[in-house]
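# Would you be able to build a 3D model of this:
(chains A, B and C)
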Amino acid sequence: MRIDVSKLLEHLNPAQREAVEHRGTPLMVLAGAGSGKTRVLTHRVAHLIATGDAEPRNILAVTFTNKAAKEMKERIWALLGNSHRELWVGTFHATCARILRGHGHLLGFDLNFSILDEGDQLALAKECCRELNLDTNRFPPSLLLRHVSNAKQNFIDPEEYMAQWAGDYLKGRVARFYALYQEKLKRSQAMDFDDLLFFVLKLFLEHREVLDLYRRRWRHVLVDEFQDTNQIQYRMVKLLAEEHRQICVVGDDDQSIYSWRGADPGNILRFDRDFPEVRIVRLEQNYRSTRNIIRASSSLISKNRMRKGKDLWTANEPGEMVSVYLAKDEREEARFVAREVRDLLLGQKVPPEEIAIFYRTHAQSRVLEEELMASKVPFAIYGGLGFYERKEVKDLVAYLRAVANEADELSWKRIINVPKRGIGAKTVQMVEKMAREKSIPFSQALRLWTREQRGGSSARVQGFIQFMDQLREVLREQGIAAALREAMVRSGYLDELRKSDEEKAQEREENLEALLNMAVEHELAEGKGEVQGFLEKVSLMSDLDMADPNHGRVSLMTLHSAKGLEFQVVFIVGMEEGLLPHSSSLKDLPSLEEERRLCYVGMTRAKRRLYLCVAGERRIWGVLQPMTPSRFISELPSQCLELTGQVSFEDGFCPDKDTMVGRWVRHEVFGAGTVVKVEAGGERLVVHFPGVGAKRFVTREAPLKWL
DNA sequence: GACCATTTATTTTTT
DNA sequence: ATAAATGGTC
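Residues are numbered from 1 along each chain as shown, chains lettered A, B, ... in the order given. Here you go, the predicted structure:
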């Protein structure tokens, strides 16, 4: 099929066009929020194909989320007029999983290896702690896992870690933990998320022929959200591209909000160094938001010192002011949001899916849910527990994993007594010991154990094994969905669920039904025998990806999950010191700046209308605490703000002087401002008014009211 | 092995 | 406030 090349370039601005047409040297696109980043990526891929510069199978495009990958694929197909299965667009993790299915055997991995999610990891970590007699108060599994993850992201294996840190009190223990953790993973033929990346890099470094294969295959490499790449991802990409140098990375340092997870925005600078002939294109025109929103956001982000610098501008109309609402407490804040949302829906006919409410922490969603519910506003919450993390879904998937990968000890142990079969911890312990002693997989030890033991639970174990063998047959002969149904019904799982007096039983059953439907769908798309692909999908998908065409619902989510989305109307709630910026980020400048970027990301999601909400007091962990408006609000230019809401502190209320700094006051003439300094033991105050500047007052006589 | 009481720890989390 | 994890008892 022929595609009109000039048509592809038609609706692009000069910078976008350059990014699409550029050839010959590495390319870095610094794309501001709403500047058409995805557009550039999709058009570039389509352009590569349309001009004949590349075959679909020679292109690798990596993203961070399945959702982004899916969107990109669909948009490219739309441009090209048909679907290209040979075109590889996927997340880093899915790409790595695929590579390892193909070549993992070179590192001793079974083709059917399992992928552990966070819950599985934690379960395994706890096991390790128990075996190592680690005091979980002093060394919480989550902390140990964090260290391990860090090590993996820096490509440090257990031996190297041990050699480096054996003498260190904490890290010496981490080292032992790391070694055992990896050993258990290997024994289970399992990998965690970091392993997928780690082992691909290892594969590339130790087996040049594999690297060469992929270098020849993927002659064009494109990376989305480049600011979010970690050390190991960067090295992977670099290895793939350093020979042909046909690489295009797209990112925005101002939207780097995952550095606490290992993302290293320094890779942007590193790219400059490793590919000195790089062509840099800046996309600075924003097509998404009104001028007021852009002005407020740009002003905020300009307060960051560590940035590459970009000037975002827009030709859009000024639009409405950014609303700052001062509420008495979180309840009143939620009521305001609910009331406003209702008005937008009914009065102004904004469709619900064009409205979003963002917060810093999940804990904040509860009041909002209650108030929205009370106002009969349809809404959906994203994040929190993902579909595949739900207990009942994980249980059922564990059955599938156990038969697909006999070595998967974690899965076997998970389901051995679910539903209850009278096989308890004692039995599991004994079988485990046996498996260790004979160095055989857990499932094999189970079989052996029934042969050697009489009485006790051995008959029940026998029954369990028989059931699993049967399940394997069903899977082989009738496919995934049939096997899931078998595991659900014939095991007695569903009966137990129905009998339980749990109030969520109904919901759980619906989830299982949804899982079955997904299995059927997968079979239709990929074929009945494709268990591995199904399990991979299940492990690598988050519920954010499933966020179905969330039609007819207002979206609630954390600021982190808001990245990459856009809405007509956006509310950011909890704009208070300690929440945004979060208290844990006040210790150093880099984390404070990341909080500012987080706020920036949230603000730039809004197309037409932006609300920032502040509560004067808030219940945190059950205790009522006075709150101060976020410094980020005072960093916005007052000309594009509209301050509304109740006065939330009584007149004359004077907190002690340590907590006065940062407090908001209202001045008869200057309007709202924040206290920036307390002088002479509280007798004088320096107050900063947005757009006016700093003013000094005698506290007693100042015409100020606390907000 | 199951159940109830007490204790404990709560940032964000694309995969 | 809350939920999960632990520890004791039956």
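# Give me the residue ranges of the stretch 51-200 of chain A where confidence is low.
For the stretch 51-200 of chain A, no stretch has pLDDT under 70.
# Give me the neighbour count for the residue of it found nearest DNA strand C.
In the stretch 51-200 of chain A, no residue comes nearer to DNA strand C than A:Thr136, which is 6.0 Å away by Cβ to the nearest atom of the strand. Where you see a C-beta, it was placed from the backbone N, CA and C, and this is true even at glycine. By the criterion of other Cβ atoms under 10 Å, A:Thr136 has 14 neighbours.
# Which residue, neighbours along the chain excluded, lies closest to it?
Closest residue in space to A:Thr136, ignoring its immediate chain neighbours: A:Cys129 at 5.4 Å, by Cβ to Cβ, 6 or more residues apart in numbering.
# same thing with A:Pro378?
Sequence neighbours aside, A:Arg553 is the residue nearest to A:Pro378 in space, at 4.9 Å (criterion: Cβ to Cβ, 6+ apart).
# check contacts around the one you found.
Listed by Cβ atoms under 8 Å, 6 or more residues apart in numbering, the contact partners of A:Arg553 are A:352-353, A:378-380.
# what about the helices in the stretch 201-350 of chain A?
A:208-217, A:231-241, A:267-274, A:291-301, A:330-346 (DSSP state H, counting those that start in this stretch).
# Ranking those helices by mean neighbour count, which comes first?
Among these, ranked by average contacts under mean count of other Cβ atoms under 10 Å, first place goes to helix A:291-301 (a mean of 23).
# circling back to that earlier point, drop anything exposed from the contacts of A:Arg553.
A:352-353, A:379-380 (16 or more other Cβ atoms under 10 Å).
# Name the nearest of these relative to A:Leu205.
The nearest member of the buried ones among the contacts of A:Arg553 to A:Leu205, counting by Cβ to Cβ, is A:Ala380 at 43.6 Å.
# would you say the closest one is within a strand?
Yes - secondary structure of A:Ala380 (DSSP: H, G, I helix; E, B strand; the rest coil): part of a strand.
# leaving aside the residues next to it on the chain, what's closest to it?
Computed as Cβ to Cβ, 6+ apart, the closest residue to A:Ala380 that is not its neighbour in sequence is A:Arg553, at 4.2 Å.
# what about the one you found, distance to A:Glu353?
Separation of A:Arg553 from A:Glu353 (Cβ to Cβ, to the nearest Å) stands at 6 Å.
# just checking, A:Ala562 touches A:Arg360?
No - using Cβ atoms under 8 Å, A:Ala562 is not in contact with A:Arg360, being 11.0 Å away.
# Quick check, pLDDT for the closest residue to A:Gly422 other than its chain neighbours.
Distance criterion Cβ to Cβ, 6+ apart; nearest residue to A:Gly422, sequence neighbours excluded, is A:Arg460 at 5.0 Å. Here, the pLDDT recorded for A:Arg460 equals 85.
# Does the helix or strand hosting A:Arg460 reach DNA strand B?
Using DSSP states H and E, A:Arg460 sits in helix A:458-478. No - using Cβ under 7 Å from any atom of the strand, helix A:458-478 never reaches DNA strand B; the gap is at least 8.5 Å.
# which parts of the very next helix or strand once past that helix are buried?
Note on helix A:458-478: by DSSP H and E, the next helix or strand toward the C-terminus is helix A:480-489. Neighbour counts over helix A:480-489 (16+ other Cβ under 10 Å) mark A:480-488 as buried.
# do the same with stretch A:179-198
A:179-182, A:184-198.
# can you check stretch A:358-369 too?
A:358-360, A:364-365, A:367-368.
# before we move on, back to that, so what's the backbone phi/psi at the residue nearest to A:Ala380?
For A:Arg553, the backbone dihedrals (degrees, to the nearest 10) come out as phi -140, psi 140.
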